[in-house]
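[1] Okay, predicted coordinates and the sequence, questions at the end:
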Amino acid sequence: MNKKKEQELVCLTEQCLKRYWEKDCEVMLSYCTDDILWTGAEQKEYIMGIEAVRKNFTELMNVIQPCIISNGEFIVVQNTGNACTVSGRYLVETLPEADYFLQAEQRCTFVWERINDEPRIRHMHVSNPIGEMKIVEGSRFVNEMGRMAKKYMDEKIHAINRKKIVVEGINGKVFFINESQILYIEAKLRNCDIFMQNGEVIHGKKSFADFEKSLDEYFVKVHRSYIVNIQHVTVIRFCELVMSNGRVIPVPQKKYAKVREELMRRHI
């Protein structure tokens, strides 16, 4: 397959997963061959044949909550001409109106084949990192929420209790700032600009190095001029981050892999 068709399959893989987590499994099923092999996150999910897979998906649609996937990274790992393997990883997170909270990393592999010049899925494999969630007999992946719910609540409580820092502004004002309200900090010569969740920008008389030493574990230096609050990072993509206010923060190419791994590790 040429590069254009490779990219088409990468996009289709991501689209199938997005629609699945929106509780619409028909898009994914419409691309499956009759002898599709589905390997899922549950112990019993090693299923062959379109009807058996359809039955499994239909059951799952009755119990899962609608979710979004984000921070996706999908690549072509094999292209044999008529067949193509796409692998990826991404975060799954419930919508705010869901009955419970879920945030988990998943990995996937889709084996595509062009049949009569149409893309079809021969095999789908979705899994979770070891230690991400323990799945026991009789339980479903989507309902194993104990650890993740606890982490979520711990983070909410921590955000409330996070320390306030004192910053003197260049205009002589003194600011008492809750760290959880900081989106990111940008170095400005010997001082720094502090970008707040409410849209305010505080021009502080404090050095970038001092901020780097004093801020808590939710802050990561991603560039020589930027420290970001990882709780306000919404998208990670090649050599840049997107913050919750839409600002794009550059990440040096040499540091990108390390920064990405660090942010993924702390988010999960």
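    All right, it came through fine.
[2] May I have the beta-bridge partners of the nearest residue to V248 once chain neighbours are set aside?
    Nearest residue to V248, sequence neighbours excluded (CB to CB, 6 or more residues apart in numbering): E240, at 5.3 Å. The C-beta positions use only the backbone N, C-alpha and C, and glycine is treated the same way. Bridge pairing for E240 (DSSP bridges) gives the partners R237, P250.
[3] E240: how many residues sit nearby?
    14 (other CB atoms under 10 Å).
[4] Likewise for M61?
    13.
[5] and the closest residue to it other than its chain neighbours, backbone torsions?
    The spatially closest residue to M61, leaving aside those adjacent along the chain, is K23, at 5.3 Å (CB to CB, 6+ apart). Taking degrees, to the nearest 10, you get phi 70, psi 30 for the backbone angles of K23.
[6] which residues touch K23?
    61, 64, 66 (CB atoms under 8 Å, 6 or more residues apart in numbering).
[7] May I see those residues arranged in a markdown table, with distance to S244 as well?
    Shown next, in a markdown table, are these (distance: CB to CB, whole Å):
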| residue | distance to S244 |
| --- | --- |
| M61 | 30 |
| I64 | 26 |
| P66 | 21 |
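[8] Quick check, the residue nearest to V248 in contact with I249.
    Yes: applying CB atoms under 8 Å as the test, E240 and I249 come out as touching, 6.4 Å apart.
[9] Please tell me how far the residue nearest to M61 sits from A209.
    According to CB to CB, to the nearest Å, K23 and A209 sit 49 Å apart.
[10] Over to F219?
    13 Å.
[11] and if you look at T109?
    Distance from T109 to A209, counting by CB to CB: 44 Å.
[12] who's more crowded, those two?
    T109 (17 against 10).
[13] any idea whether D34 is helix, strand or coil?
    Using DSSP: H, G, I helix; E, B strand; the rest coil, the secondary structure recorded for D34 is strand.
[14] Please apply the same query to the one 10 residues further on.
    Here K44 is coil, with the state taken from three-state DSSP.
[15] what's the neighbour count on it?
    When neighbours are counted by other CB under 10 Å, K44 registers 9.
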